[in-house]
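Participant: structure for the following, please:
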Amino acid sequence: MNLEILETIGWNSKRETAYKQLGLEDVSPGRIVADHGQKYRVMTERGEGWAEMSGRLIHDLGERSAYPAVGDWVAVRFLANEEANGVIHGVLPRSSQISRRAAGSVPVEQIVAANVDILFLVVALNLDFNLRRLERYLIMAWNSGALPIILLSKADLCDDPERYISEVEEVSPGVQVLAVSALENRGAEELHKLLKPGVTVALTGSSGSGKSTIVNWMSGQEMQRTQDIRENDSRGRHTTTHREMFILPQGAVMIDTPGMRELQLWDDEGGWSEAFGDITELAKECRFGDCRHEREAGCAVRAALDNGQLDPKRMDNYRRTQRELKFQSAKERKSVRASKSTADKRKAPRGKGEQRRLFEVVEWE
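Facilitator: Residues are numbered from 1 along each chain as shown. Just a heads-up that it's a prediction; the model follows:
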């Protein structure tokens, strides 16, 4: 089995061990490089081809969030000799996963990308700049298990990028912040240092923030289609329609994702407290362990608000996202209980009277 092509996109000894533990025969490892819904583009030892999941795998995986996503490593059984197309029979465990809540009233996790080492949070330095939105992206990033790095794109449109860097650093303690511009080639050296061989980088951010431009800039060619910004509000036009992975000349792979008009948070694996690390640290100094940071005596958070150390808008977003995550968690638990109750009712044997009533209803219908 020739794995040289896979090593260029992140295959290593740990993944080989996990692959062997699947215990599948007549399969080959591959990585999802594009997600088109029911079909996937997969890179294997034979090159790039199309693949679908087997019916058994769909049944075994169950939840939609367990289905393969861009960046996932999978086990593929080829359809015919010398062809790159095949059927996916297994998915390797993920080292990280970037998740959001899918649109809709029922809480469902949507995987944006998997097995990502570095997550670039792209924020444009134009009229669309928004610190509160960035805080939400940081929660998602810290929950993912990937290393977040903030890219302030389109720095050529801004008269004072350094001021924005300072503002962003205040709400993202411990996170590297870079102002970049493809037009001026600003930040290229710093980005090249991050794009090491074997590293997987993903881009996320609002629609029109410049993610596709960064892909083209780093690859040195037109890999993704882009459009000019709109004149009325300085926002870029949304162009990326699906998640896709690209191999960069630096040796890394980069995953471009569609822009998000609104980021709905999913779950909390500690990302919320990481994103608001300054407030979390202040809370440790409160007199009472269950302090709600409202009118309690000895509240360090209230003191920081009063003396101007803490921005009230950041505190409001702290509370808002906390409520959102609690509500989502409660709704998810309710949905799980309802599903379990329905499944239990279907499995429960019917008594004679119930069977007779069912027959009468069916006969009447």
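
Participant: pull the number of nearby residues for residue 221.
Facilitator: By the criterion of other CB atoms under 10 Å, residue 221 has 11 neighbours. (Glycine included, C-beta is placed from N, CA and C.)

Participant: please renumber the chain so that the first residue is 880 from this point on.
Facilitator: Sounds good: first residue 880 from here, last item residue 1100.

Participant: strands along the stretch 1130-1244 of the chain, start to end?
Facilitator: Under the criterion DSSP state E, counting those that start in this stretch, strands of the stretch 1130-1244 of the chain are mapped to 1132-1135.

Participant: how about low-confidence regions in it?
Facilitator: Along the stretch 1130-1244 of the chain, segments meeting pLDDT under 70 span 1138-1141, 1143, 1145-1148, 1207-1244.

Participant: got it, and the stretch 930-1079 of the chain?
Facilitator: Using pLDDT under 70, the flagged stretches of the stretch 930-1079 of the chain are 982-986.

Participant: which stretches in it count as helices?
Facilitator: Using DSSP state H, counting those that start in this stretch, the helices of the stretch 930-1079 of the chain run over residues 934-940, 1010-1023, 1040-1050, 1067-1073.

Participant: which residues touch the first one?
Facilitator: In this structure, residues lying in contact with helix 934-940 by CB atoms under 8 Å, 6 or more residues apart in numbering are 932, 946, 967, 968, 969, 970.

Participant: which positions within it qualify as buried?
Facilitator: By 16 or more other CB atoms under 10 Å, the buried positions in helix 934-940 come out as residue 936.

Participant: same check on stretch 960-972?
Facilitator: 963, 964, 965, 966, 967, 968, 969, 970, 971.

Participant: shouldn't the last one be in contact with residue 952?
Facilitator: Put plainly, it is residue 971. Yes. Counting by CB atoms under 8 Å, residue 952 is a contact partner of residue 971 at 4.1 Å.

Participant: follow-up on the earlier one: any idea which of the helices of the stretch 930-1079 of the chain is most buried?
Facilitator: Of all the helices of the stretch 930-1079 of the chain, helix 1010-1023 carries the top mean neighbour count, a mean of 22, counting by mean count of other CB atoms under 10 Å.

Participant: show me the domain layout of this structure.
Facilitator: Listed domain ranges for the chain are 883-970, 976-1135 (source: automatic domain parsing).

Participant: any chance of TSV for the ones you listed, columns distance to residue 1203?
Facilitator: Converted to TSV, the domains of the chain look like this (distance: least, CB to CB, whole Å):
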stretch	distance to residue 1203
domain 883-970	19
domain 976-1135	9
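
Participant: ok, which of those comes nearest residue 1204?
Facilitator: Closest approach to residue 1204 among the domains of the chain (CB to CB): domain 976-1135, 8.1 Å.

Participant: re earlier: with residue 1183 as the reference, name the closest of the helices of the stretch 930-1079 of the chain.
Facilitator: Nearest of the helices of the stretch 930-1079 of the chain (CB to CB): helix 1040-1050, 12.7 Å.

Participant: which of the domains of the chain is buried the deepest?
Facilitator: Of the domains of the chain, domain 976-1135 is the most buried (mean count of other CB under 10 Å), at a mean of 19.

Participant: how near is residue 1177 to residue 1164?
Facilitator: To residue 1164, residue 1177 is 9 Å away according to CB to CB, to the nearest Å.

Participant: contact partners for residue 898?
Facilitator: So residue 898 contacts 908, 952, 954, 971 (CB under 8 Å, 6+ apart).

Participant: hmm, back to that, just the closest of the buried residues of stretch 960-972 to residue 1048, please.
Facilitator: Distances from residue 1048 to those, taken by CB to CB, are shortest for residue 971, at 36.3 Å.

Participant: could you measure that closest one against residue 900, distance?
Facilitator: As judged by CB to CB, residue 971 and residue 900 stand 9 Å apart.

Participant: cool, and residue 1088?
Facilitator: In this view, residue 1088 and residue 900 are 39 Å apart by CB to CB.

Participant: quick check: which of the helices of the stretch 930-1079 of the chain is nearest to residue 1094?
Facilitator: Each of the helices of the stretch 930-1079 of the chain has some distance to residue 1094 by CB to CB; the shortest is helix 1067-1073, at 11.4 Å.

Participant: just how off-centre is stretch 1080-1092 within its chain?
Facilitator: 12 Å (CA atoms, centre = their mean, to the nearest Å).

Participant: mean confidence for it?
Facilitator: For stretch 1080-1092, mean pLDDT rounds to 89.

Participant: can I get that stretch in CSV? Just the C-alpha atoms.
Facilitator: C-alpha atoms of stretch 1080-1092 as CSV (Å, rounded to 0.1, in the frame of the first residue of the first chain):
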residue,chain,number,x,y,z
VAL,A,1080,-5.6,24.4,8.9
ALA,A,1081,-9.2,25.5,8.6
LEU,A,1082,-10.7,28.9,7.9
THR,A,1083,-14.0,30.1,9.4
GLY,A,1084,-15.7,33.4,9.7
SER,A,1085,-18.5,35.5,8.4
SER,A,1086,-19.5,35.6,4.8
GLY,A,1087,-17.2,37.9,2.8
SER,A,1088,-14.5,38.0,5.4
GLY,A,1089,-11.9,37.0,2.8
LYS,A,1090,-11.3,33.3,3.5
SER,A,1091,-11.2,32.2,-0.1
THR,A,1092,-8.8,35.1,-0.9
